[in-house]
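**Q** need coordinates for the following:
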Amino acid sequence: MDLAKKDERLITVLVADDTATDRIILETILRKQGHRVLSAEDGEQAVICFREHRPDIVLLDALMPRLDGFAAARQIKSLAGEELVPIIFLTSLTDTESLVKCLEAGGDDFLSKPYNPVILQAKVKSFFRMRSMQRTMLEQRDQIAQHNEHFLQEQTVAKQVFDNITSSGHVDTEHLRYYLSPLAVFNGDVMVASTTPAGNLMVLLGDFTGHGLPAAIGAMPLATTFYGMVDKGFAMSDILAEINGKLKSILPVGLFCCAAMVEMNFRKNTVRIWNGGLPAAYLYRRDGSVEQIKSTHLPLGVLTNKKFKADPALISMEQGERLYLWSDGIHEARDTEGEMFGEERLLAAFAQNTQAPVLFDELLERVKDFVGQGQRSDDLSLIELLMAPLSSAYVTPGTEQANSQSQLAEWSLSFEVKPSSFAIFDPLPLLLSVLLEVPGLRNHSGTLYTIISELYTNALEHGVLGLDSSIKDDPEGFDRYYQLRRERTKAITEGYVKIDLAHSTDMDGGSLAIVVADSGNGFDPAARPELTGNEYSGRGLKMIESLCDSLEVRGAGNVVAATYCWRNDD
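**A** Numbers count the residues shown, from 1 in each chain. Take a look at the predicted model:
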């Protein structure tokens, strides 16, 4: 047998007895049973021996000179601290008072004289198992404490990052009041709010499935997308679609976000609201009436963007009217009996209110009073949006400068296509990708593509290549026309098509000026024939005129300038 392994299983027993005969008998029995034995002649030696050798079990005579067993037991227990060191009193005492005294001094059991080897062995092994289990428990406790400390440190950092991301754009304004009360450290409910470059207030309240960290994971991409796109002036439908696409791609199946998004236009006294899975929003009118705005869409992160619909409802609001949003934690708040707060109590709060400015506080107090000492089962979130004049500034420090910078959307771009690129390069995707980065123009991508495509095609085919559109007057002429187009684009060595774009904004929207010039001979606009509607050619400029706010042919007819205007509410 491996001696090292055998030594590991040895139990060290301290025997303290002032009677030499009894001490030697115990030592002999214990050694025959395979234990390591330490010896002490009185209580003082027992304490010293324990301090030096830390035995597993102590056999302690109750009555000894200099320091009796009771006092020695107390000192040994003190030295052992939280570690379990079983003390078995060796005693001939039989009266109850003496035995109780042994237990009060820290004893764990008794061994009566004369000693029975079988009982002694059973007690030693039994207490050693208890000691081993207690030692394992302490080790596991320390490991758990270390893991918990590490977890708390990580959670603290994660919470700070989470709070910085999800609250970075909160606005300080009388137009917005909110209450967020998380069930856990991390919040499954998220509220993000920011102002658009046009001065509108954009707010999104989301309620992710579940609670705590798993539910909060999706809040970070939601918040970063929201703030980034709102600051750039993207439309509400674009923001919703982008958030939906991101959540759909990153969240596991079964995790999604019930949400409501609101855009308040304080100049036009209107509100756009999209509700996907949250409880109905309540619009509190000046006459005391209440209108429900129910959910008409699925939550964010459920559908792909092809099936997702981001069509908000447009509602007029008068000055002083209020819009209320909340998560289902309000409806489902339970009292001590398990009854839910419910929608009826919410409606009663509206009906009984006499002063609109205090309604927000009244709603919160009613929910809190109802819950009392009851156990909350969900996060609680409540938002109040007030339609009020813009005279009261509602931007946080630093936001005003950021918004003013966001409104600097004056830019121009000049792009020229050379002969070597005519046959192999289409500039339309590149130009359109630039335009789609402009807030407000994304919803007009189809129209802009048609306008620029028609202008570029006319400049290239009729201006530079000199093709006559009358060739297409009959169906058979189409093949001949495009055959000539291919031949001439390959053969041409001189010429150009130049496209100039200039963009500007105002409080209501903006305009895009498009100028397309070519190196051709041009044409006389007045000589254009009247169209009957059955032609296969000559319809390009007429169509552009119908799509643009203005169209002008300049110079010799080889420069066409168009202006396309858009509005924030388009």
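
**Q** the closest residue to Arg51 other than its chain neighbours: neighbour count?
**A** In space, Arg51 comes closest to Leu79 once its chain neighbours are excluded; the distance is 5.9 Å by C-beta to C-beta, 6 or more residues apart in numbering. Placement of C-beta: from N, CA and C, glycine included. Around Leu79 there are 13 other residues, counting by other C-beta atoms under 10 Å.

**Q** now Trp566
**A** 20.

**Q** in its sheet, which strands sit next to the strand or helix carrying it, and in what direction?
**A** In this structure, Trp566 is located in strand 559-567 according to DSSP states H and E. Each strand pairing with strand 559-567, determined using DSSP bridges, is listed with its direction: strand 509-518 (antiparallel), strand 550-554 (antiparallel).

**Q** what is the lengthiest helix in the chain packed up against?
**A** Ranked by residue count and defined by DSSP state H, the top helix of the chain is helix 117-166. In terms of contacts (3 or more C-beta pairs under 8 Å, 6 or more residues apart in numbering; DSSP states H and E), helix 117-166 is packed against helix 20-32, strand 57-61, strand 109-112, strand 189-195, helix 212-216, helix 219-231.

**Q** gap between that helix and the chain center?
**A** Computed by C-alpha atoms, centre = their mean, to the nearest Å, the chain-centroid distance of helix 117-166 equals 32 Å.

**Q** got the angle for that helix vs helix 219-231?
**A** Direction vectors for helix 117-166 and helix 219-231, defined by axes from the mean of the first three to the mean of the last three C-alpha atoms, to 10 degrees, enclose an angle of 10 degrees.

**Q** next secondary structure element downstream of helix 117-166?
**A** Tracing the chain past helix 117-166, the next element assigned as helix or strand by DSSP H and E is strand 176-181.

**Q** what's in contact with that following strand?
**A** Strand 176-181 is contacted by residues 187, 189, 191, 193, 201, 203, 360, 364, 379-386, 394 when judged by C-beta atoms under 8 Å, 6 or more residues apart in numbering.

**Q** from these, which ones fall inside strands?
**A** Secondary structure assignment (DSSP state E) places Asp189, Met191, Ala193, Leu201, Val203, Leu380, Ser381, Leu382, Ile383, Glu384, Leu385, Leu386 from the contacts of strand 176-181 within strands.

**Q** can you pick the most crowded of the residues you listed?
**A** The most crowded member of these is Asp189, carrying 27 neighbours; neighbours defined as other C-beta under 10 Å.

**Q** contacts only, for it.
**A** Leu180, Pro182, Leu205, Gly206, Asp207, Phe208, Ser327, Gly329, Asp379, Leu380, Ser381.

**Q** how close does it get to Leu380?
**A** 8 Å (C-beta to C-beta, to the nearest Å).

**Q** same check on Ala259?
**A** Distance from Ala259 to Leu380, counting by C-beta to C-beta: 16 Å.

**Q** is it true that the residue nearest to Arg51 touches Ile48?
**A** No: the pair formed by Leu79 and Ile48 falls short of the contact definition of C-beta atoms under 8 Å, at 10.4 Å.

**Q** buried stuff in the host helix or strand of Tyr481?
**A** Take DSSP H and E as the rule and Tyr481 turns out to sit in helix 475-491. Judged by neighbour count using 16 or more other C-beta atoms under 10 Å, the buried positions of helix 475-491 are Gly477, Tyr481, Leu484, Arg485, Arg488, Thr489.
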